[in-house]
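S.K.: task: produce atomic coordinates for the following.
(chains A and B)
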Amino acid sequence: MDLSLLADPAILSELVFQGLVRGAMYALMGIGLSLIFGILGVVNFAHGEFFMLGTYAMYFVSALLGLPFLAGVAAAAIGLFVVGVVVERALIEPLRQRAGRDWLLDSFVLTIGLMVILQNLALLGFGSRRRGITTMVEGSVVFGNVTITYERLAILALAVIIVGLLAAYIKFTDTGKAIRATAQDPEAAQTLGIDIKRIYTVAFGIGAALAGAAGALLISIFPAFPTVGYQPVLKSFAVVILGGLGNIPGAIAGGFLLGIVEAYAIFFMSAGWQSVITPLIIILVLVFRPQGLFTAQGERP
Amino acid sequence: MSVATSAASARGIVASTPARVLKVAVLLGLLILVPPFLDSPYLTTVFISALMFGLFGAIYDLMIGYAGLTNFGYAGFIAAGAYGSALASFHYGISPWLGLLIGGTCGALMGLFTGLITLRLRGLYLGLTTWFVAEAVRFTIANTPEYTRGVLGLAVDPFPSVLGIDFGRAKLLNYYYLLIVLGALIMLAMHFLVRSKVGLAFRAIREDQLATESLGLNATKYKLINFTVACFLTGVLGSFYAHYLGILSPTPEEFGVPRTVEILTVCYVGGRGTLWGSLFAGFLLVGFQEYFRELEAWRLVMYGALLIAVMLFAPKGLAGLKKYVW
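M.R.: Numbering: from 1, shown residues only, chains lettered A, B, ... in the order given. Presented below is the predicted three-dimensional model:
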């Protein structure tokens, strides 16, 4: 490995840009995971399967029906919102009725069951063939000696818009305020007349919708197939640990950070080793800063 | 507790011990006698596989059911034992019999390391970290083909003959009896561990860690003991698995999340906090899987549905049925 390449401005900016695109996806996934954990206390292991359903939604809407790129993203987000609402009402709500102190573990195991079911239903319904869309947006732009495709710009821009819309929704709408109140103290929120059952359902739906949107946006990198969600879910857990569990701004920062670090790791190491790098980074974070890199309080979780 | 009730409970224990020994003896007798009676190599492999899953499930239960420790990278700990022993015999010609201990040590070291970095954190972090550690191990195996043969697959020698018993690849029944011996040792070790003072500490931590710590018990120490012992036993069984199977490859189905999910399902269906429940669940689920082989992916859908059903409707698993059966 030639170390002088590390400082080469063309490579540097190319890798940073690649990292931002990956990071945008990780951030979308991580925000969803963090939101679901922060509000419901559920560590959602089926998050990768929501991503996978998003890639299929994108493929069917945009490659088969020939509708534009944006319609695919919208279909994935809306479709997964509905899936999220159904899952919350049908499975997680009944478990909440009976679960006590083991809630964290029991709900985690429930989502593992859900993961197995969704993965294998996808295999039965769609087969194991990879269905991808190679280019969604044509053309590219050249800055100096760095070429950036419009597609990657579009992915990044859409991810930023989605995050912005979500932030505005949580900050300004009544439901958004109720979500924040529930995150802080569910019992106090209930006393104030907030229907927290509804908030749980909405939060789970939004989290699933974000994973679906991430899957739709990234279809040129991750084609649709039943187990496509595995790398994204591993990465999104990494992001959430980097940012601190339940910390949404932390998940955004963690997403971009992991994206850039990985873009570097992929460039400078043989392909297989990148799958070792991510877990190692997370293990180091857990050893030295278990509360996450972007959490202010010094208390250990 | 009044004198009368303690006398009654003492009588209960005395009365139940012979009954319990009898039950175990009958079941063990069935385990020993049924496969040679069936006389089918295929069914013997099914019995080996069922018993192995049951034992893995029981070890998993030692962690989750007795101390509330989640190991979501469990298959990676099996890989540590399997590869530890297989590589020792492949590169250095160490006997697979010694390999059982080497595998156990590899599992225990991986468990000790993971435990040391995570057990002071909340339970959730242990689950996530074991997952990351296991994936790092699995991909390291895949990325070092010059040493481990990676995804090409590592050929593993069978156990050499001992006391005149031949452990050639075709001697399935001998492997089956070896597994019964190993399994009996593992189950007895766990049985006495959970009934010892240390075992009481495990349960106390699981019930209420804060209260336990306020009584002066070092919860982290006991969790570390539990986790390391469980990982040692996992490594021993992993080593058996390697020499029985004859070829290892770091695929997800073999040593990744799907394998962990299978074992976790065995443990949950069997009933957490029982140890024995997992053995029954191993036979039930592996039998079910073999019987419905042609259903392919539907089988796994049912696995997932079963796991969810246990969570929602039968948190005690098969162990909850015990009072109706025997």
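
S.K.: in contact with residue 265, which residues?
M.R.: All of this refers to chain A. A:Trp273, A:Gln274, A:Ile277 (C-beta atoms under 8 Å, 6 or more residues apart in numbering or on different chains). All C-beta atoms are positioned from the backbone trio N, CA, C, and that covers glycine.

S.K.: wrong one, I was asking about chain B
M.R.: Here B:Thr265 is in contact with B:Ala281, B:Leu285, B:Tyr303, B:Leu306, B:Leu307 (criterion: C-beta under 8 Å, 6+ apart).

S.K.: any stretches of chain B with poor pLDDT?
M.R.: Across chain B, the ranges flagged by pLDDT under 70 are B:1-16, B:122-123, B:322-326.

S.K.: swap the cut-off to 90 and go again
M.R.: For chain B, the stretches with pLDDT under 90 are B:1-49, B:63-73, B:85-104, B:113-181, B:184, B:188, B:190-227, B:243-262, B:264-266, B:268-326.

S.K.: now the residue nearest the centre of it: closest residue in space, sequence neighbours ignored.
M.R.: Centroid check for chain B by C-alpha atoms, centre = their mean gives B:Phe56 as the closest residue, at 1.7 Å. Of all residues not flanking B:Phe56 in the chain, B:Ile263 sits nearest, at 4.7 Å (C-beta to C-beta, 6 or more residues apart in numbering or on different chains).

S.K.: lowest pLDDT pick from the contacts of A:Ala265?
M.R.: Of all the contacts of A:Ala265, A:Gln274 carries the smallest pLDDT score, 71.

S.K.: just the CA atoms of the one helix or strand that one maps to, as PDB, please.
M.R.: Following DSSP states H and E, one finds A:Gln274 within helix A:274-288. Below are the C-alpha coordinates for helix A:274-288, written out as PDB (Å, rounded to 0.1, in the frame of the first residue of the first chain):
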ATOM      1  CA  GLN A 274     -13.500  -4.600   5.100                       C
ATOM      2  CA  SER A 275     -16.000  -7.000   6.700                       C
ATOM      3  CA  VAL A 276     -13.500  -7.300   9.600                       C
ATOM      4  CA  ILE A 277     -12.700  -3.600   9.900                       C
ATOM      5  CA  THR A 278     -16.300  -2.500  10.800                       C
ATOM      6  CA  PRO A 279     -16.700  -5.000  13.700                       C
ATOM      7  CA  LEU A 280     -13.300  -4.100  15.000                       C
ATOM      8  CA  ILE A 281     -14.000  -0.400  15.000                       C
ATOM      9  CA  ILE A 282     -17.200  -1.100  16.900                       C
ATOM     10  CA  ILE A 283     -15.400  -3.300  19.400                       C
ATOM     11  CA  LEU A 284     -12.900  -0.600  20.000                       C
ATOM     12  CA  VAL A 285     -15.600   2.000  20.500                       C
ATOM     13  CA  LEU A 286     -17.400  -0.300  23.000                       C
ATOM     14  CA  VAL A 287     -14.100  -0.800  24.900                       C
ATOM     15  CA  PHE A 288     -13.100   2.800  25.100                       C
END
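
S.K.: so is it next to chain B?
M.R.: Yes - contact of helix A:274-288 with chain B is found when judged by C-beta under 8 Å from any C-beta of the partner chain, involving A:Ser275, A:Val276, A:Thr278, A:Pro279, A:Leu280, A:Ile282, A:Ile283, A:Leu286, A:Val287.

S.K.: and the contacts of that helix?
M.R.: Under C-beta under 8 Å, 6+ apart, the answer for helix A:274-288 is A:234-235, A:237-238, A:241-242, A:258, A:261-262, A:265-266, A:269, A:292-293, B:117-118, B:121, B:125, B:128-129, B:132-133, B:135-136, B:139-140, B:142-143.

S.K.: try stretch A:176-191
M.R.: Contacting residues not belonging to stretch A:176-191 are listed as A:38-39, A:169-170, A:192, A:194-196, A:199-200, A:202-203, A:246 [C-beta under 8 Å, 6+ apart].

S.K.: out of the contacts of helix A:274-288, which are buried?
M.R.: Using 16 or more other C-beta atoms under 10 Å in any protein chain shown as the burial test, the contacts of helix A:274-288 include A:234-235, A:237-238, A:241-242, A:258, A:261-262, A:265-266, A:292-293, B:117-118, B:121, B:125, B:128-129, B:132-133, B:135-136, B:139-140, B:142-143 as buried.

S.K.: got the contact list for stretch B:270-289?
M.R.: B:46, B:49-58, B:60-62, B:64-66, B:187, B:190-191, B:194, B:262, B:265-267, B:269, B:299, B:302-303, B:315-320.

S.K.: which of these fall in helices?
M.R.: Mapping the contacts of stretch B:270-289 onto helices (DSSP state H) picks out B:46, B:49-58, B:60-62, B:64-66, B:187, B:190-191, B:194, B:262, B:265-267, B:269, B:299, B:302-303.

S.K.: show the buried residues in those.
M.R.: Using 16+ other C-beta under 10 Å as the burial test, those include B:46, B:49-58, B:60-62, B:64-66, B:187, B:190, B:194, B:262, B:265-267, B:269, B:299, B:302-303 as buried.

S.K.: wait, what's in contact with B:Gly168?
M.R.: Contact analysis of B:Gly168 by C-beta under 8 Å, 6+ apart lists B:Pro158.

S.K.: that one sits in which helix or strand?
M.R.: B:Gly168 is part of no helix or strand, with elements assigned from DSSP H and E.

S.K.: among the residues of helix A:274-288 next to chain B, who's most crowded?
M.R.: A:Ile282 (26 neighbours; other C-beta atoms under 10 Å in any protein chain shown).

S.K.: would you mind measuring from that one to A:Met115?
M.R.: Between A:Ile282 and A:Met115 the distance is 20 Å, computed by C-beta to C-beta, to the nearest Å.

S.K.: also A:Ile11?
M.R.: Following C-beta to C-beta, the distance that separates A:Ile11 from A:Met115 is 38 Å.

S.K.: just want to know which of the two has more residues nearby.
M.R.: Using other C-beta under 10 Å as the criterion, A:Ile11 and A:Met115 rank with A:Met115 on top: 25 against 17.

S.K.: and the strands in the stretch 101-250 of chain B?
M.R.: B:154-155, B:247-248 (DSSP state E, counting those that start in this stretch).

S.K.: wait, what's in contact with A:Ile162?
M.R.: So A:Ile162 contacts A:Leu28, A:Ala77, A:Leu210, A:Ala213 (C-beta under 8 Å, 6+ apart).

S.K.: how about A:Ile112?
M.R.: Listed by C-beta under 8 Å, 6+ apart, the contact set of A:Ile112 reads A:Phe45, A:Ala46, B:Val261, B:Leu264, B:Gly304, B:Leu307.

S.K.: show the model's pLDDT score for it.
M.R.: So, for A:Ile112, pLDDT stands at 89.

S.K.: what's the longest helix in chain A?
M.R.: helix A:9-40.

S.K.: if we can go back for a sec, hang on, the residue nearest to B:Phe56 packs against B:Ala58?
M.R.: No - the pair B:Ile263 / B:Ala58 is not scored as a contact, 9.9 Å apart, by C-beta atoms under 8 Å.

S.K.: mind listing the strands in the stretch 101-250 of chain A by residue range?
M.R.: Along the stretch 101-250 of chain A, the segments classed as strands by DSSP E, counting those that start in this stretch run A:140-143, A:146-149.

S.K.: so which of the ones you listed is nearest chain B?
M.R.: With C-beta to the nearest C-beta as the criterion, chain B lies closest to strand A:146-149 of the strands of the stretch 101-250 of chain A, at 29.3 Å.

S.K.: helices or strands next to that closest one in the packing?
M.R.: Counting contacts by 3 or more C-beta pairs under 8 Å, 6 or more residues apart in numbering or on different chains; DSSP states H and E, strand A:146-149 packs against helix A:9-40, strand A:140-143.
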